[in-house]
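K.L.:
pasted the sequence and its predicted model underneath.
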Amino acid sequence: MGCRALGPAPRGPDTGPAAAGGTVPAMSPMLWSLLVPALVACAAVAVARLLHRFCLRGGPDEATTPIAAVLAGLAVGLAAGPSIAGRLAPEAWERIVQGGGDERIALQRLRSARAADELARTAAGGTVDEETAREERRLRDAAHRTEREHAIAAWRDAVWTHRLPRLVLTGALAATLAIALGRTVTRPRGAPGGLATLNLVLFLVALPGGLGALLLDLRLPAPEGDQAALLEVGARTALLVAVAALVVGAVPHRGGEDRAADAAFLGGGDLLTRAGNLCTVAAALLAAIAFALGVGAAAAPAALPALLLATVRLVPRPSPAPDAAPAREGGGGLVAALLALALLGIDAVAAFDPWLLIGLVLLAGDGRWLAAILALRLPAAPAGRDDDELPDARRDRAGGMLRTMRFAVPAMSAARPMLVLVAPAIVAGWLPGEAALALVAAIAVVDGTTRARHLALAQLEETERELDGDR
């Protein structure tokens, strides 16, 4: 499993201007590690507000439109990360953003010295017998291996120390987003529908999660090079984190999605809420197992947002009064900031895997939609509190299928819960670059197409009315 989530491949010895302090302002690495994440987050929020105000305005219930937040996060993250800034000024970017430049140079010097020593010994030849020469080589290899391990550990520790403030900020923003999402989840009003809920949960977990795990296992390459040392966990832990993001429960946006399930079937909103709660608990359990497998202080800021998200889903707020004014949907600024902070450590060029990216984008959106449709179309999957009040999809194929499709659309709105889990894991170094980039793309596509889903819901409802009028 390759690790390309933390910037360009190591470069040559310190002959660039950053090594001499020429192009980078004289500021300690710790100050840069504190300043850069805050500036990147603030820049993403500012760009999102500007886009919302001048280009991509939304409805009165939106503080920042999803597409504005997504575009701002992507633009700022790519510009400040290794994809653009890391290529335009690699030495400066390494010192300011990634850290560990001096330690990486020391590691490269050690490898160069080793290669020069071997070349000199080969050119000089020797008079000792073959067995003695073999023993000397074994001792030299052991000494070099020990030195290299110490140099890699020093490089890893330097990068981790530089990354810690960004991880703490990302964890705090993800926790804030989890609380904001919890404010939009209301308590189910009807009686529990155990069989229908369990059926929906099984499909929502098995289809996106199972296919996602298979795709990740097939597409992610094995670790290679010293950059793999910066990946904080093993392949199994990274796989669990990615699958947890794919199965987390949806939180429908306002403006149509939050009412679509109830409009499709009586009690559909309650069914979707209960299923989302259970899916979020399953995702939190997977994330907790992954965090337990991880080692080091990264577990705390990376694990808390996932656990907090499950908590706020299990303790939802009461349903608002029918005459209450709708609350303004927030979280757009948090989405922009978290996307930018995640992309700050992803080299989008080096980590680009088109098949993995397309696969995870489809599973995160259309995969959830298809899973909800399949779950509701099974004979053992009632979709309401009173079957007599529900048009049976098997008796009324056209209208029933349209209602099923409308019910399933809100199940796609899991981009922001996914971001709560994914962003801290990426910053903590728990996801390889290929998986990190694919998940960020999935979040961006699903959240950025919110308005398109609203239009699709309106079109489905209009088509259903036309069919009802023809009967």
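P.N.:
All right, it came through fine. Residues are numbered from 1 along each chain as shown.
K.L.:
quick check: end-to-end length of stretch 424-441?
P.N.:
Its start and end residues considered, stretch 424-441 measures 16 Å (Cα to Cα, to the nearest Å).
K.L.:
ugh, wrong one, stretch 93-100
P.N.:
Stretch 93-100: ends 11 Å apart by Cα to Cα.
K.L.:
how far does it sit from the chain's center?
P.N.:
Taking Cα atoms, centre = their mean, to the nearest Å, one finds stretch 93-100 lying 22 Å from the centre of the chain it belongs to.
K.L.:
and E135, what does it touch?
P.N.:
Listed by Cβ atoms under 8 Å, 6 or more residues apart in numbering, E135 has no contact partners. For glycine as for every other residue, the C-beta is placed from the backbone atoms N, C-alpha and C.
K.L.:
please identify the helix or strand for it.
P.N.:
Using DSSP states H and E, E135 sits within helix 130-182.
K.L.:
need the next SSE after that helix, C-terminal direction.
P.N.:
Next helix or strand after helix 130-182 toward the C-terminus (DSSP H and E): helix 194-205.
K.L.:
got the CA coordinates for that next one in PDB?
P.N.:
Output of helix 194-205 as PDB, limited to C-alpha atoms (Å, rounded to 0.1, in the frame of the first residue of the first chain):
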ATOM      1  CA  GLY A 194     -37.500  -3.500  13.200                       C
ATOM      2  CA  LEU A 195     -37.500  -5.700  10.100                       C
ATOM      3  CA  ALA A 196     -37.600  -2.800   7.700                       C
ATOM      4  CA  THR A 197     -34.800  -0.900   9.500                       C
ATOM      5  CA  LEU A 198     -32.600  -3.900   9.800                       C
ATOM      6  CA  ASN A 199     -33.100  -4.800   6.200                       C
ATOM      7  CA  LEU A 200     -32.200  -1.200   5.100                       C
ATOM      8  CA  VAL A 201     -29.100  -1.200   7.400                       C
ATOM      9  CA  LEU A 202     -27.800  -4.500   6.000                       C
ATOM     10  CA  PHE A 203     -28.000  -3.200   2.400                       C
ATOM     11  CA  LEU A 204     -26.500   0.200   3.200                       C
ATOM     12  CA  VAL A 205     -23.600  -1.500   5.000                       C
END
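K.L.:
where does the stretch 301-450 of the chain dip in pLDDT?
P.N.:
316-330, 378-399 (pLDDT under 70).
K.L.:
hmm, 90 instead?
P.N.:
Applying pLDDT under 90 to the stretch 301-450 of the chain picks out residues 301-333, 345, 350-351, 375-410, 413, 425, 428-434, 448-450.
K.L.:
quick one: V168 from P301, how far?
P.N.:
For V168, the distance to P301 (Cβ to Cβ, to the nearest Å) stands at 5 Å.
K.L.:
now swap in A310 and tell me
P.N.:
Taking Cβ to Cβ, one finds A310 at 16 Å from P301.
K.L.:
what do you get for E103?
P.N.:
On the measure of Cβ to Cβ, E103 and P301 end up 23 Å apart.
K.L.:
list the contacts of the residue nearest in space to the middle of the chain.
P.N.:
By Cα atoms, centre = their mean, the chain has its centre lying nearest to V422, at 3.0 Å. Under the criterion of Cβ under 8 Å, 6+ apart, the contact list for V422 reads V241, A245, A342, L431, A436, L439, V440, I443.
K.L.:
the fifth one belongs to a helix?
P.N.:
Spelled out, it's A436. Yes. Applying DSSP: H, G, I helix; E, B strand; the rest coil, one finds A436 inside a helix.
K.L.:
my guess is it contacts I426. True?
P.N.:
Yes. Using Cβ atoms under 8 Å, A436 is in contact with I426, at 4.6 Å.
K.L.:
doesn't A351 fall inside a strand?
P.N.:
No. Read with three-state DSSP, A351 is coil and lies in no strand.
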